[in-house]
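Peer 1: A structural model of the following input is requested.
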Amino acid sequence: LPSDHVSFIAQDYDGKAWVGTDQGLVSITQGKSHIVVRNKVMTCVQKIANGLFCFISEQGDVYQTHKSGSLNVFNPTTPLPDAVIRVACEGQQLILGTKGSAYCYDMQRHTLQPHPYIHFDNIQIVEDNRGNKVVFDYYGTKVWYYTSNRTYLINNIFSQELTQQNGGGRYKFIFGSHGR
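Peer 2: Have a look, this model is predicted:
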């Protein structure tokens, strides 16, 4: 590996392991490693459709695996103002959470733009087993909950809980921050 600081490890359906480090991206097949991306701080991995992955660098570069085994690269024309710290897949878009805001990367058009709704610091992203996303700030004061057919915004979540009726199942998210 180019570095001993590992950010993530992922394995695709072909058995290839992908390792993100603070010095690049490495693929490992049958015990042999190959540095695929050099000199980039790799921060996040997101599984997308059909067992493919997107790897995100701190600078906002998006590396998307292809069925052929190749790696497609998107480099934003304007660097993001903050480091990417979280990522989530929402249909054909990736939500890139930074220390200062959120951005949408359209995987079909290969465009990157500020997220239309999420504008807060230190974004955290959690996905449940049905693909719904919970996006919240570090302090829990703003929470966005994405389902397949609706988006909720909840402010000052410290004393609230969110329940969602979805397909007969009941889901309850309870947030706590700093002992609250």
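Peer 1: Return the helix or strand in the protein with minimum mean pLDDT.
Peer 2: Ranking every helix and strand in the chain by mean pLDDT, DSSP states H and E puts strand 161-166 at the bottom, with a mean of 40.
Peer 1: Residue 132 versus the residue nearest in space to the middle of the chain, what's the distance?
Peer 2: The structure's the chain has its C-alpha centroid closest to residue 87; by Cα atoms, centre = their mean the separation is 1.2 Å. According to Cβ to Cβ, to the nearest Å, residue 87 and residue 132 sit 16 Å apart. (Glycine included, C-beta is placed from N, CA and C.)
Peer 1: Now residue 58. Nearest residue, chain neighbours left out?
Peer 2: Closest residue in space to residue 58, ignoring its immediate chain neighbours: residue 41 at 3.9 Å, by Cβ to Cβ, 6 or more residues apart in numbering.
Peer 1: close enough to count as contact, that neighbour and residue 55?
Peer 2: No - in terms of Cβ atoms under 8 Å, residue 41 does not count as a neighbour of residue 55; the distance is 11.4 Å.
Peer 1: More neighbours: which of those two?
Peer 2: Between residue 41 and residue 55, counting by other Cβ atoms under 10 Å, residue 55 is the more crowded of the two (27 against 18).
Peer 1: Do I have it right that the more buried one meets residue 18?
Peer 2: Yes - the criterion here is Cβ under 8 Å, and residue 55 meets it with residue 18 at 6.7 Å.
Peer 1: intersection of neighbour lists for those two?
Peer 2: Listed as contacting both residue 55 and residue 18 by Cβ atoms under 8 Å, 6 or more residues apart in numbering are 25, 45.
Peer 1: Now do the contacts for the residue nearest to residue 58.
Peer 2: Residue 41 makes contacts with 7, 22, 23, 57, 58, 59, 83, as judged by Cβ under 8 Å, 6+ apart.
Peer 1: Got a ChimeraX select line for the buried ones in the residues you listed?
Peer 2: Selecting only the buried entries of the contacts of residue 41 in ChimeraX, with 16 or more other Cβ atoms under 10 Å as the criterion:
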select :7,22,23,57,58
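Peer 1: Closest one to residue 145 out of the contacts of residue 41, please.
Peer 2: Nearest to residue 145 among these is residue 83, at 25.0 Å by Cβ to Cβ.
Peer 1: Pretty sure the closest one sits against residue 58.
Peer 2: Yes - between residue 83 and residue 58 there is a contact at 4.4 Å, judged by Cβ under 8 Å.
Peer 1: In contact with the spatially closest residue to residue 106 that is not a sequence neighbour, which residues?
Peer 2: With Cβ to Cβ, 6+ apart as the criterion, residue 106 has its nearest non-adjacent residue at 5.6 Å, and that residue is residue 93. Residue 93 makes contact with 104, 105, 106, 107, according to Cβ under 8 Å, 6+ apart.
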